[in-house]
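**Q** My questions concern the predicted model and sequence given below.
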Amino acid sequence: MATHFSFLSKLGESSGALGSVVSAMGCAMCFPAIASIGAALGLGFLDQWEGLFLKTLLPLFTSLAIFANVLGWFAHHQLWRVLMGIVGPILVLLALYPLFSYSGRNSIFYTGLALMVGFAVWDIFFRRRGKKA
């Protein structure tokens, strides 16, 4: 049963981080630094759906990342991994809602995205393997 949670957790963490980054690339007005990277990668057409990305997809993907990390608790029972995995998405959600009018929200948002991507990459390559009986 724990392997199912492990697979779903890994899939959810990675897709949540990737979805959040791609969603942020479509919001040129709110997050110009990452939107310019998206435009350089050929994703400039996403700006026509900026409202959808900002109001729906970005919160959805960050919530998915939080849920996947909490679900991962059932696979590995390591509190520090859950806490490390939810810090980035929580920062992204804080930058989107309560801190939206705060002048330093972009740095909070980019820090949250970097933590999400960094943790997803770290978790793919350095995930602790289960003990063999």
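**A** Structure received.
**Q** My guess is residue 124 contacts residue 14. True?
**A** Yes. Using CB atoms under 8 Å, residue 124 and residue 14 qualify as a contacting pair, with a distance of 6.8 Å. C-beta here means a position set from N, CA and C on the backbone, and glycine is covered the same way.
**Q** out of the two, which sits in the more crowded spot?
**A** Here residue 124 and residue 14 are set side by side on neighbour count (other CB atoms under 10 Å), and the busier one is residue 14, at 19 against 11.
**Q** Apart from its neighbours in sequence, what residue is nearest that one?
**A** By the measure of CB to CB, 6 or more residues apart in numbering, the closest residue to residue 14 outside its immediate chain neighbours is residue 120, 4.9 Å from it.
**Q** Tell me which helix or strand the residue nearest the centre of the chain sits in.
**A** Closest residue to the average C-alpha location of the chain: residue 17 at 3.2 Å, with CA atoms, centre = their mean. With elements taken from DSSP states H and E, the one containing residue 17 is helix 2-25.
**Q** Tell me which other helices or strands the following helix or strand past that helix touches.
**A** Proceeding C-terminally, helix 2-25 gives way to helix 32-40 as the next helix or strand, assigned by DSSP H and E. When contacts are defined as 3 or more CB pairs under 8 Å, 6 or more residues apart in numbering; DSSP states H and E, helix 32-40 sits against helix 2-25, helix 105-126.
**Q** most tightly surrounded among those?
**A** When these are scored by mean count of other CB atoms under 10 Å, the highest mean neighbour count falls to helix 2-25 (a mean of 19).
**Q** what angle separates whatever helix or strand residue 72 lives in from helix 105-126?
**A** When elements are assigned from DSSP H and E, residue 72 belongs to helix 58-76. With axes from the mean of the first three to the mean of the last three CA atoms, to 10 degrees defining the directions, helix 58-76 sits at 30 degrees from helix 105-126.
**Q** oh, and call the first residue 116 from now on, that's how I've got it
**A** In the new count, where the first residue is 116, that last one comes out as helix 173-191.
**Q** I appreciate the help and will end here.
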